[in-house]
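Q: Task: produce atomic coordinates for the following.
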Amino acid sequence: MIYVTVEFFFFLDDRQRISAVFFSCLLLVLSFIALRASFQYFPKVSFLKNLPVLSQATLRPTVSLDDTLNYEARQDVQTRTSWNAPIIWELMFDPNFYDKKHLEAKTAVALTVFAVGRYLDAYLNTFLTSAEKHFMVGLPVTFYVFTDQPEKVPNITLAPLRHLKVIKVERYSRWQDISMMRMKTISEIIEKELRHNFNYVFCLDVDQEFKGRFGSEALGESVAVLHVYYYKLPKTQFTYDRNPKSKAYMEEGDYYYHAAVFGGSCDAVKALADYCYLNTMEDKLNNVEALWHDESHLNKYFWLNKPSRILSSEYCFDPRINYMTEVIVHRLVWAPKQYAELRT
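A: Sure thing, here's the model as predicted:
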């Protein structure tokens, strides 16, 4: 190929040779600029704790314990989907057994959270301190904090094998755009780093607080959480996007999922993030915005690609609710919303 290219070059006249050289140099310069730009996002990293040595191999989930679940332990709620995926409730699993098996398998988990603008001051400290106390306790965990103000991230005390990493991101003027770009950012960090070092990744909203065990029973290939306000309602009342012009458009679905919590293997979460981002961008090009933004696209994705594990509303609960007695453990709860102050 090189020989043919060089031979062809000598058949050109002087003007054509100059043009060829010029455009080759231009292409080289543009390639260099693109390469440099691609690294603008990731070098802005603050290491607040010593991080584990990075691997080059893709890690995969290695533990499957669904056959040990006690589906009959809860007669008051649905414990299995029509496609045979478990819906995890208190009393269905043995926490000590799950933890023992995942420790033996050396399961490693990443947790991503975005704290941009005023959300950092309002929620991040509570989120991180409660996560360290309740999220995957005993397992190797790295908390990935994406923020526009890395210098303000609290330096919390972490147990052995627990790490905190801060990555600077751009702040967008509209919270809807922040929500959209979250998916792109998650996909990028999975491809660059997480898939080489973690069996699972969970992605959570920052305006939440851990109140109880959020442990290894939640781990699975593709994990969604039931929205606390919808799982008992008829499907006709689910707030899917009903606009046929949107890529998130749905006529029907299985459940209504909350985008405040999702997770799974790195490959599964990357596929979800890519789907949501690309479809959001296509909507944007068509001057369309899905009803509930990334949550609408997430629900469409899980309708087309069934999650292998569903977490009950124990794993994302609104403490203002006092009538759902079947939710006997509040593992992760919504923090008080301050939209008027935080989204301006």
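Q: and residue 186, what element?
A: Here residue 186 sits within helix 175-189, counting by DSSP states H and E.
Q: Could you give me the buried positions within the next helix or strand after that helix?
A: Once the chain leaves helix 175-189, the next helix or strand it forms, by DSSP H and E, is helix 195-197. By 16 or more other Cβ atoms under 10 Å, the buried positions in helix 195-197 come out as 195, 197. C-beta coordinates here come from the backbone N, C-alpha and C atoms, glycine included.
Q: now stretch 229-246
A: 230, 231, 238, 240, 241, 243, 246.
Q: in this protein, which ranges drop under the pLDDT threshold?
A: By pLDDT under 70, the weakly predicted segments of the chain are 1-57, 173-180, 339-344.
Q: in it, which spans are helices?
A: With DSSP state H as the criterion, the chain has helices at 2-10, 14-38, 95-104, 118-119, 125-134, 175-189, 195-197, 266-285, 294-304, 339-342.
Q: Show the contacting residues for the residue most central in space within the chain.
A: Using Cα atoms, centre = their mean, the residue of the chain that lies closest to the mean C-alpha position is residue 203, 3.2 Å off. Applying Cβ atoms under 8 Å, 6 or more residues apart in numbering to residue 203 gives the contacts 111, 112, 113, 182, 186, 261, 262, 263, 269, 273.
Q: try residue 135
A: Shown in contact with residue 135 (Cβ under 8 Å, 6+ apart): 111, 141, 210, 214.
Q: Looking at those, which one is closest to residue 79?
A: Closest to residue 79 out of the contacts of residue 135 is residue 214 (18.7 Å), distances taken as Cβ to Cβ.
Q: Pretty sure that closest one sits against residue 331.
A: Yes - counting by Cβ atoms under 8 Å, residue 331 is a contact partner of residue 214 at 4.9 Å.
Q: Pick out whichever of these two has more residues nearby.
A: Between residue 214 and residue 331, counted using other Cβ atoms under 10 Å, the more crowded position is residue 214 (25 against 22).
Q: give me the beta-bridge partners of that one?
A: residue 135 (DSSP bridges).
Q: Now do residue 101 against residue 93, distance only.
A: Residue 101 sits at a distance of 11 Å from residue 93 (criterion: Cβ to Cβ, to the nearest Å).
Q: Residues in contact with both of these two, list them for me.
A: residue 65.
Q: related to what we said a few turns ago, can you pick the most crowded of the contacts of residue 203?
A: Among the contacts of residue 203, the one with the most neighbours (other Cβ under 10 Å) is residue 262, at 29 neighbours.
Q: Would you enumerate the residues in contact with that residue?
A: Applying Cβ under 8 Å, 6+ apart, we find residue 262 in contact with 202, 203, 223, 224, 225, 269, 272, 298.
Q: could you redo the last one with a cut-off of 10 Å?
A: Applying Cβ atoms under 10 Å, 6 or more residues apart in numbering to residue 262 gives the contacts 186, 201-204, 222-225, 268-269, 272-273, 276, 294-295, 298, 301-302, 307, 311, 316.
Q: Over to residue 261?
A: Contact analysis of residue 261 by Cβ under 10 Å, 6+ apart lists 202-205, 208, 214, 218, 223-227, 311, 315-316, 332.
Q: Can you tell me which of those is nearest residue 282?
A: Nearest to residue 282 out of these is residue 203 (Cβ to Cβ; 21.5 Å).
Q: Now the closest one. Nearest residue, chain neighbours left out?
A: Excluding the flanking residues, the one nearest residue 203 by Cβ to Cβ, 6 or more residues apart in numbering is residue 112, at 4.8 Å.
Q: Return the residues in contact with the one you found.
A: Going by Cβ under 10 Å, 6+ apart, residue 112 touches 142-146, 165, 167, 182, 185-186, 189-190, 194, 201-204, 263, 269, 273.
Q: repeat that for 7 Å
A: Contacts here follow Cβ atoms under 7 Å, 6 or more residues apart in numbering; on that basis residue 112 touches 144, 146, 186, 201, 203.
Q: repeat for residue 223
A: Applying Cβ under 7 Å, 6+ apart to residue 223 gives the contacts 262, 263, 264, 307, 309, 311.
Q: Closest to residue 131 out of those?
A: For the contacts of residue 223, the minimum distance to residue 131 (Cβ to Cβ) is 13.3 Å, reached by residue 263.
Q: Disregarding residues adjacent in the polypeptide, which is nearest to that closest one?
A: residue 202 (3.6 Å).
Q: do you know how far that neighbour is from residue 194?
A: On the measure of Cβ to Cβ, residue 202 and residue 194 end up 11 Å apart.
Q: Which neighbours do residue 214 and residue 331 have in common?
A: Common neighbours of residue 214 and residue 331 (criterion: Cβ under 7 Å, 6+ apart): residue 315.
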